[in-house]
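Q: Sharing a sequence plus its predicted fold:
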Amino acid sequence: MLNIKDIKKEFGGIGHSTLLEQITRRIHGPYDYLYHPCRAEKSLLAKYIPDTMNVDELLTHVTQKQKDLARRFNISKFPSDRNPGFLGQAALFETLRESGEDLSFYFNGIYERGDASWLDGFGLLDTLIGFTYLRQYFGFEEVDIVQRIFESIAPSEVILTLEKNWMYRVITNVSALIPRVVENQYTREVMKNLVKIQDAMGPTVSRIAKWTGLSRHMATRIRDIVIATGLVHSQSIVPKNTGIVLKLTRSQSIQNKTGAEDLLCTSLKENSNCFITITYHFRDAIDGEALEFEAYAHNIDNYDAQTGLWTICRNSSKARSVSDIYPLFSNSDITLPGNKAAPTDRDILFIALLKSMAIEHRPHWKREVLQWLVNGYDIPQKIAEEGLRNVFRKHMIRHQYSFILCNDRHNLLVLFEDSSKNTIPFIAEILSIAPTVVLRANNQMTYGCLYMYYPPYLSQDLHNLVISAISETGVNAEVFEIKASKYAETANLLDLIPE
């Protein structure tokens, strides 16, 4: 039996970060605890060190290294809510690194990494080793990452806010230094192809071997690296098959009602702050214009491998109609078959819960999503399988792959409303200039918004180019820089289910 209203009542009004932590605890139990290596079961510790190392001898060095770190750093600057294993795992990592051991052993192991390591209580060690190996693989200079995790937090819009201060610090600071998928010729080739994929399989070894020409052995390594460098796998709503669209509201204060997105923006024209709220609605329940589809443009060829920097490439397209814009997208829901069946309350529930899932790619996606629904939301297995099958069979949800391009990425938002004579040439030019551009618009593309994601060193040039494009095309548009954002898509979608 599935009680939709109870789920709606429990999770309505909850932001994405809070919801994510609650469901993760339900599924796995405590995941934010760090075992001290000197107090962990030796059989567990053995999973995380090379087979060639003696556990007892290693722990002797770890004890001494921990004393060295305590003397080197001012403990008062450490996060006050840290676990006992915070310093201990840093000491274990330093011991492994100084031993000269090839850290690729961590990617060659038979055990799953990532979430499994956090659940084992060795998430910090996993993060430090994985980070260091990736920098070695990409040929980056060595960085004292232990010092970085002991420093104060450097905020990033990419990383979700977490309850545990020490965990937020670790993930945020590592994110600031981790190599990106564009910085290697093979991972870059995978990226170019993967952003076009619309199924749940993602970067399989066979696909990577085909895209890169590498052996299956090397393709397996590339797959692991691509996933570790920031592969985002999300599920996007298909408005034409659900009737669910987005409405955009601009105001001077944040609204009390839960929105899918609440954005604090600064207008480049007026140099003033405002709030832009985006909410889900059924199309026939709102008057006026709405955002009826979403499409992505990934401009990977704008990356200059010689300089290691992103560039701006202006599009010479002579687009004059909506059909001229379609080829500029890496992916969108326009390629999916239409479906006339209206979504049931159960369909809306599953759409909402899929939007709550963590964004990182899961190699065993179906198994993970069923665990998310069954153990996280207490949905019976058969109902979860059927509900999941229905929303994809009806093409109400589609798979979407993208990448975190830089930890401190900037985000420009352009709102436009005009005749297609002005909006189409403007959209065509804007879609090509930033590393990633997202278009949300009505079907005629006469009303909508463009999001641009880019590194900070492109800010001034992009600002100037967008303002110039507005002037040249004569389009009625305004440009905003997004300063902060808050997401509650699941809660907002649950509001669509009647009481």
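A: Yes, it's here. Numbering: from 1, shown residues only.
Q: Just the C-alpha atoms of the helix or strand harbouring residue 401, please, in CSV.
A: Under the criterion of DSSP states H and E, residue 401 resides in strand 397-403. What follows is strand 397-403, C-alpha atoms only, in CSV (Å, rounded to 0.1, in the frame of the first residue of the first chain):
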residue,chain,number,x,y,z
ILE,A,397,11.3,12.0,-17.1
ARG,A,398,14.5,11.9,-19.1
HIS,A,399,18.1,11.3,-18.1
GLN,A,400,20.5,14.3,-18.2
TYR,A,401,24.3,14.2,-18.0
SER,A,402,26.5,17.2,-17.3
PHE,A,403,29.8,18.1,-15.6
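Q: List the buried residues of it.
A: Neighbour-count burial for strand 397-403, counted by 16 or more other C-beta atoms under 10 Å, picks out 397-403. All C-beta spots, glycine's among them, are computed from the backbone N, C-alpha and C.
Q: Kindly report the same for stretch 410-423.
A: 410-418, 422-423.
Q: before we move on, the earlier item: partner strands of the strand holding residue 401 and their direction?
A: Here strand 397-403 is paired, per DSSP bridges, with strand 231-237 (antiparallel).
Q: Please state the mean pLDDT value computed over whichever helix or strand comes after the partner strand.
A: Downstream of strand 231-237, the next assigned helix or strand under DSSP H and E is helix 239-242. The average pLDDT for helix 239-242 rounds to 96.
Q: From the contact counts, what lies against helix 239-242?
A: strand 293-298, helix 345-354 (3 or more C-beta pairs under 8 Å, 6 or more residues apart in numbering; DSSP states H and E).
Q: If we use 10 Å, what do you get?
A: On a contact count with 3 or more C-beta pairs under 10 Å, 6 or more residues apart in numbering; DSSP states H and E, helix 239-242 meets strand 273-282, strand 293-298, helix 345-354, strand 397-403.
Q: hang on, isn't residue 170 packed against residue 93?
A: No: here residue 170 lies out of contact with residue 93, judged by C-beta atoms under 10 Å, at a distance of 11.7 Å.
Q: what residues are shared contacts of these two?
A: Among the neighbours of residue 170, those also in contact with residue 93 (C-beta atoms under 10 Å, 6 or more residues apart in numbering) are 124, 127-128, 131, 145, 149.
Q: is it true that residue 248 lies in a strand?
A: Yes: counting by DSSP: H, G, I helix; E, B strand; the rest coil, residue 248 falls inside a strand.
Q: Tell me the spacing between it and residue 419.
A: 19 Å (C-beta to C-beta, to the nearest Å).
Q: now do residue 241
A: 28 Å.
Q: Low-confidence ranges, the stretch 251-400 of the chain, go.
A: By pLDDT under 70, the stretch 251-400 of the chain contains no weakly predicted segment.
Q: From the centre of the protein, give me the residue that's furthest out.
A: In terms of distance from the mean C-alpha position of the chain, residue 57 ranks first, at 40.1 Å (C-alpha atoms, centre = their mean).
Q: circling back to that earlier point, can you tell me which of the buried residues of stretch 410-423 is nearest residue 375?
A: Among those, residue 411 lies closest to residue 375 (C-beta to C-beta), at 33.8 Å.
Q: Return the residues in contact with that closest one.
A: Applying C-beta under 10 Å, 6+ apart to residue 411 gives the contacts 157-158, 263, 265, 434, 436, 438, 451-454, 480-483, 485.
Q: Can you tell me which of those is nearest residue 99?
A: So of the contacts of residue 411, ranked by how close each gets to residue 99 (C-beta to C-beta), first place is residue 158, at 32.7 Å.
Q: Mind pulling the model confidence for that closest one?
A: Taking residue 158 on its own, its pLDDT is 47.
Q: Give me the mean pLDDT for stretch 167-183.
A: Per-residue pLDDT over stretch 167-183 has a mean of 80.
Q: what about the helices in the stretch 1-150 of the chain?
A: For the stretch 1-150 of the chain, applying DSSP state H, counting those that start in this stretch gives helices covering 4-11, 16-28, 42-45, 55-72, 85-98, 105-108, 115-120, 123-137, 145-150.
Q: The last one: how far from the chain's middle?
A: Offset of helix 145-150 from its chain centre (C-alpha atoms, centre = their mean, to the nearest Å): 23 Å.
Q: Over to the first one?
A: Using C-alpha atoms, centre = their mean, the distance from the centre of helix 4-11 to the centre of the chain it belongs to is 26 Å.
Q: now the fifth one
A: The chain centre lies 28 Å from the centre of helix 85-98; the measure is C-alpha atoms, centre = their mean.
Q: the inter-axis angle of that helix versus helix 55-72?
A: Counting by axes from the mean of the first three to the mean of the last three C-alpha atoms, to 10 degrees, helix 85-98 lies at 110 degrees to helix 55-72.
Q: Spit out the contact partners of residue 357.
A: Residues near residue 357 by C-beta under 10 Å, 6+ apart: 20, 23, 233-235, 365, 368-369, 372-373, 376, 490.
Q: biggest separation within those residues, which pair?
A: Taking C-beta to C-beta, no two of the contacts of residue 357 sit farther apart than 365 and 490, at 18.2 Å.
Q: which residues does residue 15 contact?
A: By C-beta under 10 Å, 6+ apart, the contact list for residue 15 reads 160-161, 258, 262, 486-491.
Q: swap the cut-off to 6 Å and go again
A: residue 488 (C-beta atoms under 6 Å, 6 or more residues apart in numbering).
Q: ok, now residue 447?
A: 289, 417.
Q: per-residue pLDDT, it?
A: Predicted confidence (pLDDT) for residue 447: 98.
Q: Repeat that for residue 152.
A: 65.
Q: Start and end of stretch 401-408, how far apart?
A: Using C-alpha to C-alpha, to the nearest Å, the end-to-end distance of stretch 401-408 comes to 20 Å.
Q: Need the three-state assignment for residue 170.
A: Residue 170 ends up helix, using three-state DSSP.
Q: I figured residue 266 was touching residue 481, is that so?
A: Yes: checked against C-beta atoms under 6 Å, the pair residue 266 and residue 481 is within contact range at 4.9 Å.
Q: Please enumerate the shared neighbours of these two.
A: Common neighbours of residue 266 and residue 481 (C-beta under 6 Å, 6+ apart) do not exist.
Q: wouldn't residue 491 be in contact with residue 258 here?
A: Yes: counting by C-beta under 6 Å, residue 491 does reach residue 258; the two are 4.8 Å apart.
Q: so what sits against both of the two?
A: Common neighbours of residue 491 and residue 258, counting by C-beta under 6 Å, 6+ apart, are residue 13.
Q: Neighbour count for those two, which is higher?
A: residue 491 (23 against 20; other C-beta atoms under 10 Å).
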